[in-house]
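S.K.: how would this look folded up:
(4 chains)
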Number of protein chains: 2
Amino acid sequence: MTETNPLVRKLGAFVALSDAELAVLASLHKRRRTFVAGRDLVHQGQSDQAAYILASGWACSYKLLEDGQRQIVDFQIPGDFLGLRSVLLHVSDHSIEPVTDIEVTEILVADLLDAFAQTPRLATAILWAASRDEAMVVEHLVDIGRRNATERMAHFLLELGARLALVGMGSKAGYACLLSQYLLADALGLSAVHVNRVLRQLREGGMVTFRDGFVAFDNYHQLADFAQFDPSYMDQRGPLLR
Amino acid sequence: MTETNPLVRKLGAFVALSDAELAVLASLHKRRRTFVAGRDLVHQGQSDQAAYILASGWACSYKLLEDGQRQIVDFQIPGDFLGLRSVLLHVSDHSIEPVTDIEVTEILVADLLDAFAQTPRLATAILWAASRDEAMVVEHLVDIGRRNATERMAHFLLELGARLALVGMGSKAGYACLLSQYLLADALGLSAVHVNRVLRQLREGGMVTFRDGFVAFDNYHQLADFAQFDPSYMDQRGPLLR
DNA sequence: CGTGAGGTTGACGATGATCAAAAAGTGTGG
DNA sequence: CCACACTTTTTGATCATCGTCAACCTCACG
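M.R.: Below is the predicted model:
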């Protein structure tokens, strides 16, 4: 029942789960494991692996094209699932790489599905969490499809800040961020060179400064306005539990 | 237990659901409703509406930016959910527009959640379906982020064809497709003018002809090769049911 | 026959990629 | 502490892709 369990904290903060349900949730966590930065946890095409909950550190999920380009789909921060979709679909459609050294707890799918049978509200909570993740990917899609490079970067930095703020790792002042410009480029569908130029623009525009592993919002309101940032899609009301 | 119910058909084809579970699933379908092309079913920001299963016709889900641009996130074809994420998250992060006149059956969330309690395997099946949808969005994201306009169009036409083939509405020869070039543009993050040019290229390259409401694959293998199309992400094995 | 929606094509320009090179940090071993 | 290799950031120059503007065509429909 430890509050230090990031999944329990995440779901528990937004879903009224009973003690019994929390106990089931906590019991899902098996082995604690660590992975070093840069070494994939999950490979595209791999099957039958476990899912994880990220306890500390950052990871990213991405897809590689045959010609070697890659697209980062999403970054995961503490409390997020890693590879849930992979296990549900039997085979992973993407790879997952730790951006920093990470700690995770393993979750066995069999246990998860058993837990659904015991506590259906938990199934709803997980479905809700998956929907939130999907909403994030959708917003990322809009970002890449319809915003220019500068707006895209601005929007991305704001979104990441909002997500980090939810787990106490950021504020409207800024946040620690160890992503390289190459990672940003792969996430935003840009070249690393252009990422650098765009960051300079935003810095010189007095909106946000990304430097030395820290994102500092110099003018949060102006930035949010510029990026047309509307955080309602990450709305934090819990699922429709009855 | 009519097989004409598209959701039952879709889930039933990949999940071993018992008669009792199928009955619960069928009982979810409430009113049958129709909507005319072009008039939104769901508006971005709207809350507390129902979810639907698409019975006939095509729809699309999209997001509007403040400056009037729009990004189509996905097209829905018969058997697909409409607005499931919207109800789980309380408030819709996107709009849904019928591309053609459509028929849907309404599903009340309360019923859906009750059904989870009765038949947890159903919850797993729905979670699996949601994961498949998410995998589709992810592939779309990669499409827009890392493929050029021509590859993007090629990939999109192939993916749509594969999805339609699953519900008996297409083959490797081609499929009926009533999407306008404007819709394609909004889906692929291109301008309508460029969509036209790209379609010409693909036609003159002898790979695919989109004309008069029909997509004809002139050389399926060459097209799939050109687009680096790997359909494994829409893999059709069912969820991990126990 | 007129109107409007969708499709087609050309000319031009802007956004962002690519190529190239240098500067600044980071970690390693001597 | 320094030399080094290596990664990451920074900047400039050039080029290609794709958007914008504009015009015209076709077709369906009233």
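
S.K.: From now on I want contacts and neighbour counts done on CA atoms only, so please keep to that.
M.R.: Noted.

S.K.: tell me the mean pLDDT for the longest helix seen in chain A?
M.R.: In chain A, assigned by DSSP state H, the helix with the most residues is helix A:120-146. For helix A:120-146, the mean pLDDT works out to 92.

S.K.: and if you look at stretch A:167-175?
M.R.: pLDDT averaged over stretch A:167-175 gives 93.

S.K.: before we move on, the earlier item: what angle do the longest helix of chain A and helix B:120-146 make?
M.R.: Computed by axes from the mean of the first three to the mean of the last three CA atoms, to 10 degrees, the angle separating helix A:120-146 from helix B:120-146 equals 10 degrees.

S.K.: and the next helix-or-strand element following helix A:120-146 with DNA strand C, contact?
M.R.: Downstream of helix A:120-146, the next assigned helix or strand under DSSP states H and E is helix A:149-166. Yes. Under the criterion of CA under 7 Å from any atom of the strand, helix A:149-166 makes contact with DNA strand C via A:Ala149, A:Thr150.

S.K.: Could you list the paired strands of the next helix or strand after helix A:149-166 along with their orientation?
M.R.: Using DSSP H and E, the helix or strand that directly follows helix A:149-166 along the chain is strand A:174-176. If you go by DSSP bridges, strand A:174-176 pairs up with strand A:214-217 (antiparallel).

S.K.: Show me what secondary structure element comes after the strand it pairs with.
M.R.: helix A:220-226.

S.K.: Which elements pack onto the longest helix of chain A?
M.R.: In this structure, helix A:120-146 packs against strand A:70-76, helix A:109-118, helix A:149-166, strand B:70-76, helix B:84-88, helix B:109-118, helix B:120-146, with contacts taken as 3 or more CA pairs under 8 Å, 6 or more residues apart in numbering or on different chains; DSSP states H and E.

S.K.: any idea of the angle the longest one forms with strand B:70-76?
M.R.: It stands for helix B:120-146. Going by the same axes, to 10 degrees, helix B:120-146 makes 140 degrees with strand B:70-76.

S.K.: just the first one next, same as before
M.R.: Our comparison of strand A:70-76 with strand B:70-76, counting by the same axes, to 10 degrees, yields an angle of 90 degrees.

S.K.: Can you list the strands that strand A:70-76 pairs with?
M.R.: Its sheet considered, strand A:70-76 pairs with strand A:59-64 (antiparallel) by DSSP bridges.

S.K.: Does the strand it pairs with reach DNA strand C?
M.R.: No. Strand A:59-64 stays out of contact with DNA strand C when judged by CA under 7 Å from any atom of the strand, the minimum separation being 14.9 Å.

S.K.: Now that strand: average pLDDT?
M.R.: 96.

S.K.: can you check stretch A:92-111 too?
M.R.: Average pLDDT, stretch A:92-111: 93.

S.K.: got the end-to-end distance for it?
M.R.: Using CA to CA, to the nearest Å, one end of stretch A:92-111 lies 19 Å from the other.

S.K.: Same question for stretch A:114-126.
M.R.: 13 Å.

S.K.: Could you do stretch A:8-23 as well?
M.R.: 9 Å.

S.K.: Quick check: buried residues in that stretch?
M.R.: Buried residues in stretch A:8-23, counting neighbours by 16 or more other CA atoms under 10 Å in any protein chain shown, are found at A:Val8, A:Arg9, A:Lys10, A:Leu11, A:Gly12, A:Val15, A:Ala16, A:Leu17, A:Glu21, A:Leu22.

S.K.: Count the residues that sit near the residue nearest to A:Glu151 when sequence neighbours are not counted.
M.R.: Take A:Glu151 and drop its neighbours on the chain: the residue closest to it by CA to CA, 6 or more residues apart in numbering or on different chains is A:Ala227, 4.9 Å away. Residues lying near A:Ala227 (other CA atoms under 10 Å in any protein chain shown) number 21.

S.K.: you'd agree A:Ala227 is up against A:Asn148?
M.R.: No. Using CA atoms under 8 Å, A:Ala227 makes no contact with A:Asn148, being 9.8 Å away.

S.K.: ok so, going back, need the helices and strands packed on helix A:120-146 in JSON lines (columns: mean neighbour count).
M.R.: Shown next, in JSON lines, are the helices and strands packed on helix A:120-146 (neighbours: other CA atoms under 10 Å in any protein chain shown):
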{"stretch": "strand A:70-76", "mean neighbour count": "23"}
{"stretch": "helix A:109-118", "mean neighbour count": "19"}
{"stretch": "helix A:149-166", "mean neighbour count": "20"}
{"stretch": "strand B:70-76", "mean neighbour count": "23"}
{"stretch": "helix B:84-88", "mean neighbour count": "23"}
{"stretch": "helix B:109-118", "mean neighbour count": "19"}
{"stretch": "helix B:120-146", "mean neighbour count": "23"}
